[in-house]
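Q: Return a 3D structure for these sequence lines:
(2 chains)
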Amino acid sequence: MPNDLTKLSLVEASEGIKNRHFSSVELTKAYRAAIEENDGDLHAYIEVFDDALEQAERADSAVRNSSRIDVERKLGRVGGVPIAMKDNILIKGKRASAASRVLDGYIASYDATATKRLREHHAVFLGRTNMDEFAMGSSTENSAYGPSKNPIDQTRVPGGSSGGSAVAVAGGMAVGALGSETGGSVRQPAAFCGIVGLKPTYGAVSRSGLIALASSLDQIGFMARTVRDAQALFEAVRGNDPLDATTVSVGAYEHAHVEKFPRRIGIPEDFLKRGIDQGVRNNFDASVAMLEKAGYEVVSVSLPHLAHALAVYYILMPAEASTNLARFDGVKYGLHVEGKDLLEDYLHTRAVGFGPEPRRRILLGTYVLSAGYYDAYYNKANALRARINSDLDTVFAAGVSAIVTPTTPTPPFKIGEKSNDPVEMYLSDLLTVSANLAGIPAISVPSGKTKEGLPLGFQIMAPRLREDILFSIGSEFERLRDEL
Amino acid sequence: MITSDEIAKLSALARIQISEVEKKSLANDLTAILDYISEINEASAGTGSVDMAPERNVFRSDSIAEQSGAHTDILLASAPRTENSFVVVKKILGVE
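A: Prediction:
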């Protein structure tokens, strides 16, 4: 048995359990000890589950009571491994709050489909992780439970909104984690914390049981230390689900993956000319040079409408959020604040329940959807989204297998640095929102550090259903990086 | 430029009570955000829209999926106020 089980990758850990080199209970205990030691400072978790060891015992008993062949089928590549879950993904019988007071006291009455699929493979849920309230934010400072801290530099943010999940993995307090993406909420914190973050194709993973932010953009994503680990989590939960009508079948993937792809990557040079920190740009150029040296053809691609992606995103996302969050009214679940009549119940419950950022976005969404502004904002943004998507389609159709950019325009920033300036905070999402608008898969892979030692990420985006391209280029990137 | 009066109107539509002090700060925030997102006015996009759903005509089978009452207790347990098998809300008829 290795001395420190928490140093193993997810795939190694799962192999170790299946081959009985160590047990899920031993591994889970090691992670519990790491949480005990470090989470007081880092605050990755809102709640650590007291039944994690019981879950691990069930995984061990599944290993003990199975033949070698059976154990592979039962545990897959995630069986027995301790995973952290973002606090907006439901686990039956556990509290779920989306880091909001408006869900005070809410206990999930069902499993999210992603939860169910992990549970069927005997994954162990360690706890629920901190996040920006309702996944609205890029720093995890918008949590009703206080901010999480970046494990590499505790004066800095871990990114967001899936900041707690990123801290759990980067801080050695979970072997992998689930997060959610609406505009970069998995990739951006992964980049800030020096881990891998995967946002799958829209429709690849069921959102049943994911607390909705903006339904045309939302997707469950995966955080881990290696590309292969993120792939293992993705493959364990993906696939068609009758409870989410947008999901695609695994068969659609088999159809998409028959084609081999050319080793050609595109850089949207015009788009990257503005708003990118020089240290980030230098790191990105070095990453591209590394791939070029390994035999990739690098071409400049034209995506003329990409410059509008962030504005389009900050119209469509609040519009959808304002409608999705209408359900939190103090009647069916969560917080209830008493008023003199039903209308006052609503007004008070929502005033006390929602923090500043959800209020801002709900009002902004209400504004862009109101009769006088609907055409100028919402419809216009939708039309531009169609242009952005067709720009991307054109580039991919011309034989470019993947588009690459830095994941974030800056390294991780200081806690409090951007919290009073919403527009400044929104600019953090500059490079990630396009993949959500277009529904294409994207991954952030650690690409080294700034002079100050702050982690940076390299983003790869591929056509719909082509996660295989991300895994192939991503794994090669990791290997080349580690050889340097 | 968003005014405090417009914030009052939006907050009424969104069913969120907002204090006078916060109306001013929200008016500033929304003005800054709208300044930023209004850059789309300069883009020409034509008309068009996006349909994100990759699958078409996804229907459930026309059959009884759940036994009546199977989830009643667990769902009612989440509600702040219940009486027998009902969620309690305040009367809305006859109220001005």
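
Q: Could you list the residues in contact with the host helix or strand of residue A:265?
A: According to DSSP states H and E, residue A:265 maps onto strand A:264-267. Contact with strand A:264-267 is made by A:288, A:291, A:296-301, A:395, A:399-405, A:460, A:473, as judged by CB atoms under 8 Å, 6 or more residues apart in numbering or on different chains. Placement of C-beta: from N, CA and C, glycine included.

Q: Can you tell me which of those are buried?
A: A:288, A:291, A:296, A:301, A:395, A:400-405, A:460, A:473 (16 or more other CB atoms under 10 Å in any protein chain shown).

Q: Within reach of chain B, which of these are there?
A: The subset of those lying close to chain B, counting by CB under 8 Å from any CB of the partner chain, is empty.

Q: Tell me the residues on the stretch 101-250 of chain A that lie near chain B, please.
A: A:106, A:107, A:109, A:202, A:203, A:216, A:242, A:245, A:246, A:247, A:248.

Q: Mind doing that once more with 7 Å?
A: A:106, A:107, A:109, A:202, A:203, A:216, A:242, A:245, A:246, A:248 (CB under 7 Å from any CB of the partner chain).

Q: Which pair of the residues you listed spans the longest distance?
A: A:107 and A:248 (31.4 Å; CB to CB).

Q: if you go through chain A in chain order, where are the strands?
A: A:45-48, A:82-86, A:124-129, A:176-181, A:196-199, A:219-224, A:264-267, A:297-300, A:402-406, A:442-449, A:455-461 (DSSP state E).

Q: How about chain B?
A: So, for chain B - with DSSP E - the strands run B:82-83, B:86-87.

Q: possible to save the ones you listed as CSV with mean neighbour count and mean pLDDT?
A: Listed next are the strands of chain B as CSV, based on neighbours: other CB atoms under 10 Å in any protein chain shown; pLDDT from 0 to 100:
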stretch, mean neighbour count, mean pLDDT
strand B:82-83, 10, 94
strand B:86-87, 12, 93
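
Q: hmm, back to that, and the furthest pair within the buried ones among the contacts of strand A:264-267?
A: Among the buried ones among the contacts of strand A:264-267, A:291 and A:395 lie farthest apart (CB to CB), at 17.2 Å.

Q: Residue 52 - how many residues pack around it?
A: Answering for chain A, as no chain was given. Residue neighbour count, defined by other CB atoms under 10 Å in any protein chain shown, stands at 21 for residue A:52.

Q: try chain B instead
A: Residue B:52: 16 surrounding residues under other CB under 10 Å.

Q: Quick check: chain neighbours aside, which residue is closest to it?
A: Of all residues not flanking residue B:52 in the chain, residue A:216 sits nearest, at 4.6 Å (CB to CB, 6 or more residues apart in numbering or on different chains).

Q: Can you give me the pLDDT of residue 19?
A: The chain I'm using is chain A. We have a pLDDT of 94 for residue A:19.

Q: nope, chain B
A: For residue B:19, the predicted pLDDT is 95.

Q: how near is the residue nearest to residue B:52 to residue A:202?
A: 8 Å (CB to CB, to the nearest Å).

Q: Look at those two and report which has more neighbours.
A: residue A:202 (26 against 20).

Q: No more questions from me, cheers.
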